[in-house]
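[1] Predicted model, plus sequence, below.
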Amino acid sequence: MTALEPLTISSNASSGSSDGSHPAPRAIDFSDVRKHYGNKTVVDGLSFHVEPGECFGLLGPNGAGKTTTLKMLLGITSPDAGAIRLVGEPIPARARFARRRVGVVPQFDNLDPDFTVRENLLVFGRYFGMKHAQIAALVPSLLEFAKLEAKADARVGELSGGMKRRLTLARALVNDPDVLVLDEPTTGLDPQARHMIWERLRSLLSRGKTILLTTHFMEEAERLCDRLCVIEEGRKIVEGRPHELVESVIGCDVIEIYGPDPLALRDELAPLVGRMEVSGETLFCYVDDPQAVHQRVKGRAGVRYLHRPANLEDVFLRLTGREMVD
Ligand SMILES: Nc1ncnc2c1ncn2[C@@H]1O[C@H](COP(=O)(O)OP(=O)(O)OP(=O)(O)O)[C@@H](O)[C@H]1O
Ligand SMILES: [Mg+2]
């Protein structure tokens with residue numbers, strides 16, 4: 001599947017025209033971008049765009065090329081080929097200029113551990129040439145946004161993982177950016193901390209910010225993203241709106257069956273099921289008639305099962321033959 005042309009599924013993926021003319025500049029435009037390290041191709045002809053006000057997700061397993069893509073977008077790493085525009089500016093030529101309008105949450109927090117929460121915000125604002133008084137006036141609203149008012153004078157080392165991530169997000173807003181670039185904003189966080197970040201990101205989207213995020217959490221992408229593309233080994237394998245991808249690639253319910261011998265169950269259930277995949281000890285059944293499968297496995301010793309709607313994880317499994325998180 002990965003060797004094929006990427007599948008694009010969207011009824012209305014773009015408000016722009018397909019001939020290159022566009023009324024307002026796209027927030028992000030990536031066109032046939034390539035990058036290799038040594039003899040390894042890390043980003044392989046990747047194209048995607050993000051409209052102003054959209055939340056776009058770049059999904060892929062470890063090593064897919066997500067961070068490299070963001071580094072090229074920000075002008076930190078140069079592409080070998082292709083064209084990149086950020087807030088209408090050519091990258092890397094005008095990266096410094098473009099980045100004045102961009103906030104970045106890197107994959108790994110680079111907060112200053114010796115500074116307090118407040119000091120981290122103050123120091124960061126100076127990178128944008130802001131005056132101390134100007135940043136100091138913004139700090140209360142940034143602390144409020146990050147729900148860190150009570151931690152303003154705590155050192156970074158005293159913060160939980162979720163608090164550090166929220167501080168990094170608040171720090172990315174110091175320059176009131178139009179575009180936010182977030183590299184795995186919730187990896188390593190517990191579910192509660194993750195929900196809090198999602199809620200903060202939704203609030204930014206409601207204020208008209210544009211977000212590009214990377215993730216390998218399908219649920220995160222389904223909840224937040226207007227559109228997304230899945231990349232593997234630097235290549236786009238599918239692009240579209242989350243629910244349209246699920247509907248067009250899967251289009252039915254899923255029953256996950258956990259048992260000691262998924263291959264034996266597969267043979268037994270084959271006549272009742274449209275399509276099946278085995279992944280580890282789990283048998284995924286894509287079913288139009290869930291009842292028939294329920295009746296066959298119900299009460300079976302050592303077999304547990306879960307009936308659920310299809311999701312993006314199923315899309316990835318279908319297109320690549322394996323699960324996203326390894
Ligand atoms: N500076 C570098 N030099 C050599 N190889 C690199 C460099 N940076 C990244 N790579 C390689 O490029 C590939 C893509 O890495 P990248 O960090 O972009 O992936 P990723 O999708 O962000 O993965 P993760 O989910 O683990 O963060 C990997 O095989 C990685 O080892
Ligand atoms: Mg990465």
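    Structure's in. What do you need? Since the model is a prediction, treat every value here as computed from it, not as a measurement. Ligands and ions are numbered 1, 2, ... in the order given.
[2] average pLDDT for stretch 147-159?
    Averaged over stretch 147-159, pLDDT sits at 95.
[3] give me every residue that touches the residue of the stretch 51-200 of the chain at minimum distance from ligand 2.
    Per CB to the ion, Thr67 is where the stretch 51-200 of the chain lies closest to ligand 2, at 3.1 Å. Yep, even glycine has a C-beta here, placed from its N, CA and C like the rest. Contacts of Thr67 were listed using CB atoms under 8 Å, 6 or more residues apart in numbering, and they are Gln107, Asp183, Thr214.
[4] How many residues are close by the nearest residue to Ala27 once chain neighbours are set aside?
    Nearest residue to Ala27 in three dimensions, chain neighbours excluded: Thr210, at 4.2 Å (CB to CB, 6 or more residues apart in numbering). Thr210: 24 surrounding residues under other CB atoms under 10 Å.
[5] what does this protein have sitting close to ligand 2?
    Lys66, Thr67, Gln107 (CB under 5 Å from the ion).
[6] Now that we have those residues, can you turn them into JSON lines and tack on secondary structure and pLDDT?
    Shown next, in JSON lines, are the residues of the chain next to ligand 2 (DSSP: H, G, I helix; E, B strand; the rest coil; pLDDT from 0 to 100):
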{"residue": "Lys66", "secondary structure": "helix", "pLDDT": "97"}
{"residue": "Thr67", "secondary structure": "helix", "pLDDT": "97"}
{"residue": "Gln107", "secondary structure": "coil", "pLDDT": "94"}
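[7] Return the member of these nearest to Leu312.
    Leu312 has its nearest neighbour among the residues of the chain next to ligand 2 in Lys66, at 15.4 Å by CB to CB.
[8] OK, contacts around the closest residue to Arg200 other than its chain neighbours?
    Distances taken as CB to CB, 6+ apart put Leu169 closest to Arg200, at 6.3 Å, once the chain neighbours are dropped. Contacts for Leu169 (CB under 8 Å, 6+ apart) come out as Val105, Phe145, Ala146, Leu182, Pro185, Ile197, Arg200, Leu201.
[9] can I get those residues in JSON lines with distance to Arg275 and neighbour count?
    Below are these laid out as JSON lines (distance: CB to CB, whole Å; neighbours: other CB atoms under 10 Å):
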{"residue": "Val105", "distance to Arg275": "38", "neighbour count": "22"}
{"residue": "Phe145", "distance to Arg275": "45", "neighbour count": "16"}
{"residue": "Ala146", "distance to Arg275": "45", "neighbour count": "22"}
{"residue": "Leu182", "distance to Arg275": "34", "neighbour count": "28"}
{"residue": "Pro185", "distance to Arg275": "34", "neighbour count": "27"}
{"residue": "Ile197", "distance to Arg275": "35", "neighbour count": "20"}
{"residue": "Arg200", "distance to Arg275": "39", "neighbour count": "18"}
{"residue": "Leu201", "distance to Arg275": "34", "neighbour count": "23"}
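[10] how long is stretch 277-286 from one end to the other?
    9 Å (CA to CA, to the nearest Å).
[11] so for it, what's the average pLDDT?
    In the prediction, stretch 277-286 has an average pLDDT of 86.
[12] got the buried residues for that stretch?
    Glu277, Thr282, Leu283, Phe284, Cys285, Tyr286 (16 or more other CB atoms under 10 Å).
[13] sorry, back to before: next up, phi/psi of the residue nearest to Ala27, please.
    Main-chain dihedrals, Thr210, degrees, to the nearest 10: phi -100, psi 140.
[14] Could you give the residue of the stretch 201-326 of the chain that lies closest to ligand 1?
    The minimum distance from the stretch 201-326 of the chain to ligand 1, using CB to the nearest ligand atom, falls at His216 (5.9 Å).
[15] And for the longest helix along the chain, what's in contact with it?
    Identified as the longest helix of the chain according to DSSP state H is helix 191-206. Contacting residues not belonging to helix 191-206 are listed as 53, 55, 145-147, 160-162, 165-166, 169, 173, 180, 182, 185-186, 189, 211, 213, 217, 220, 223-224 [CB under 8 Å, 6+ apart].
[16] repeat that with 6 Å
    Applying CB atoms under 6 Å, 6 or more residues apart in numbering, the contact partners of helix 191-206 are Cys55, Gly162, Pro185, Thr186, Arg223, Leu224.
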